[in-house]
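Chemist: can you look at this prediction? I've put the sequence above it.
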Amino acid sequence: MLKRFSDLGINEALQKGLTELQITVPTDIQEKTIPVVLDTKEDVVALAKTGTGKTAAFGLPLLQLIDVKRTEIQAVILAPTRELGQQISANLEGFASHIPEVSIATICGGIPIKPQIERLQSPTHIVVATPGRLADLVKRNAINIKTISYFILDEADEMVSALKEGLDAIIKEIPKSRRTLLFTATMPGTIKQLVQNYMSKHVVHIEADMSTVGHQGIDHQFVVVEPIEKLDVLLHFLNTKLGQRGIIFCKTKAAVNKLAKNLAINKFSSGAIHGSLSQGIRDRIMGQFREGHIDILVATDLAARGIDVKAISYVVNYHLPDTYDAYVHRSGRTARAGAKGLALTILQQEEVMDIADFEDELGIHFNEYKKADAQSIEENKALLWAKKIFKTKPNRNISETLRKDVRTIFHHLTKEELIEKVLANQLLQTPLAAPKSNDSKKKKKKKH
């Protein structure tokens, strides 16, 4: 029999918030974590793949444990990126919609610090923060975290590798008597070291169903390409997914910019995010993606942390990730909240041997995606060309004499005849050869 949140000890006010969010059945990590956080005093290390509901696993019991009569900060939640921090805050506010007394502040980098300092002068129970900005506020004596009872690290595997300096400065400030709850999708040596150095000896280890949850619903595929055809194969794939939302991952910021430019040239509804863009631009692009105004997001790994959009149909690895952990985080952007999704990895021939290692390490299976043939690729180019023409804005600076002369040339053609001639002219510019007729094949045979 399926458990309900009431069976896990979650109170009525929070249950009302969950019902309004249409969350009724706990996930595996929530079912295992919530009672431990509510009913014990121990530190917790929870291993669960992305997309399994980790925010509710720590957020629900934390909201229930907060003493709203006390005005000081009682909990700090750290996230590696501003996007993830904002997502956590939004989720907590949704859960606590029937507990208006709970005060949550979001303290992240990339935006002016002064309004955040002013916000912290009001009573605050929970702070959601990125390590760098929180460390800065501590240094300025603008925040007091010396009395917190709960310290939560979300996506901890990303923080210890990329943001360790800020994390260390924060841990020095918080009381040793606090409870630490650490959530991670992977368990590298750096996480084990952090657990050993900063958490109690009696830490409770929790693991979600790693064999299925987190990869459940994801169809893992790969396609092998020559370097010269890589972009064309991607564009053909994207044309089969029109109207669906997806994320394309690149290794570097330069690669993100280059690919995003190519998508824009080919009139795909897309945007790009990476760490060198201003926070304002990143927020605008992410907002457009969340609201469905753009269909495709091109991103680096760190910039895409915190993207919790349920309707992402596919993820494309334009470059094979360097680590298994990165693949887990990338593919986990799709097939969220019980949906199905596709994770397609574009490989060069020398990378094919790496697929077996990813399968063994992650316990998944890759199917080979059938690459479009040369004729399909060229026909797709013609479709993209037609789309460019359709979206081209009229040039009001063309002289009326030229307009009249061109109209005179095309005057006797019907719309269908004009399309046929323009398309034929375009195809002459490409390597696509016109299919030979049966008659021409027969004549060729007779000569031999």
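Modeler: Received it, and whenever you're ready, just let me know what you need. Keep in mind it's a predicted model, so treat the numbers as computed, not measured.
Chemist: what ranges does the stretch 101-250 of the chain have for its strands?
Modeler: With DSSP state E, counting those that start in this stretch, the ranges of strands along the stretch 101-250 of the chain come out as 104-107, 126-129, 150-153, 179-184, 204-207, 218-224, 245-249.
Chemist: out of the ones you listed, deepest packed?
Modeler: strand 126-129 (a mean of 26; mean count of other C-beta atoms under 10 Å). For the C-beta atoms, the positions are set from N, CA and C on the backbone; glycine is no exception.
Chemist: G287 and D295: what is the separation?
Modeler: Separation of G287 from D295 (C-beta to C-beta, to the nearest Å): 14 Å.
Chemist: of those two, which one has the most company?
Modeler: More crowded of G287 and D295, by other C-beta atoms under 10 Å: D295, with 19 against 12.
Chemist: which pLDDT value goes with the closest residue to the more buried one other than its chain neighbours?
Modeler: Distance criterion C-beta to C-beta, 6 or more residues apart in numbering; nearest residue to D295, sequence neighbours excluded, is S269 at 4.4 Å. Here the pLDDT value assigned to S269 is 91.
Chemist: low pLDDT regions in the protein?
Modeler: Applying pLDDT under 70 to the chain flags residues 1-2, 50-51, 161-164, 209-216, 303-308, 336-338, 430-448.
Chemist: break it into its domains for me.
Modeler: Per the record, the chain has its domains at 5-207, 218-374, 389-447, by automatic domain parsing.
Chemist: which of these sits closest to N380?
Modeler: With C-beta to C-beta as the measure, domain 218-374 is the member of the domains of the chain nearest N380 (4.5 Å).
Chemist: just the terminal-to-terminal distance for that closest one.
Modeler: One end of domain 218-374 sits 28 Å from the other (C-alpha to C-alpha, to the nearest Å).
Chemist: returning to that earlier point: got the domains of the chain as TSV, with distance to A382 columns?
Modeler: Converted to TSV, the domains of the chain look like this (distance: least, C-beta to C-beta, whole Å):
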stretch	distance to A382
domain 5-207	38
domain 218-374	11
domain 389-447	6
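Chemist: rewinding a little: the strands of the stretch 101-250 of the chain: which one's closest to Q349?
Modeler: Q349 lies closest to strand 218-224 among those, at 5.9 Å (C-beta to C-beta).
Chemist: burial check on G132, number of neighbours?
Modeler: Neighbour tally, G132, other C-beta under 10 Å: 18.
Chemist: contacts only, for the spatially closest residue to it that is not a sequence neighbour.
Modeler: Excluding its sequence neighbours, the residue lying closest to G132 (C-beta to C-beta, 6+ apart) is G166, at 4.5 Å. Applying C-beta atoms under 8 Å, 6 or more residues apart in numbering, one finds that G166 lies in contact with 130-132, 134-135.
Chemist: repeat the analysis, applying 7 Å as the threshold.
Modeler: Residues near G166 by C-beta atoms under 7 Å, 6 or more residues apart in numbering: 131-132, 134-135.
Chemist: for V138, see how far away it is.
Modeler: Distance of G166 to V138, computed by C-beta to C-beta: 9 Å.
Chemist: which neighbours do those two share?
Modeler: With C-beta under 7 Å, 6+ apart, G166 and V138 have no common neighbours.
Chemist: now the helices for the stretch 201-350 of the chain?
Modeler: With DSSP state H, counting those that start in this stretch, the ranges of helices along the stretch 201-350 of the chain come out as 230-239, 253-265, 279-290, 324-331.
Chemist: next, format those helices as JSON lines and append distance to G189.
Modeler: Supplementary listing: the helices of the stretch 201-350 of the chain in JSON lines, determined by distance: least, C-beta to C-beta, whole Å:
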{"stretch": "helix 230-239", "distance to G189": "34"}
{"stretch": "helix 253-265", "distance to G189": "27"}
{"stretch": "helix 279-290", "distance to G189": "31"}
{"stretch": "helix 324-331", "distance to G189": "12"}
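Chemist: ok, which of the ones you listed comes nearest G17?
Modeler: Of all the helices of the stretch 201-350 of the chain, helix 279-290 sits nearest to G17, with 20.6 Å by C-beta to C-beta.
Chemist: and that closest one, what does it pack onto?
Modeler: strand 270-273 (3 or more C-beta pairs under 7 Å, 6 or more residues apart in numbering; DSSP states H and E).
Chemist: partner strands of the strand it packs on, with direction?
Modeler: Sheet pairing of strand 270-273 (DSSP bridges) gives strand 296-299 (parallel).
Chemist: what's the strand it pairs with in contact with?
Modeler: Under C-beta under 7 Å, 6+ apart, the answer for strand 296-299 is 238, 246-250, 256, 259-260, 263, 268-274, 289.
Chemist: still on that earlier bit, give me the neighbour count for the residue nearest to D295.
Modeler: S269 has 16 nearby residues by other C-beta under 10 Å.
Chemist: same thing with N257?
Modeler: The burial count for N257: 16, using other C-beta under 10 Å.
Chemist: how close does it sit to K267?
Modeler: Counting by C-beta to C-beta, the gap from N257 to K267 is 18 Å.
Chemist: quick check: angle from the longest helix along the chain to helix 230-239?
Modeler: Secondary structure of the chain per DSSP state H: the longest helix is helix 374-391. Counting by axes from the mean of the first three to the mean of the last three C-alpha atoms, to 10 degrees, helix 374-391 lies at 70 degrees to helix 230-239.
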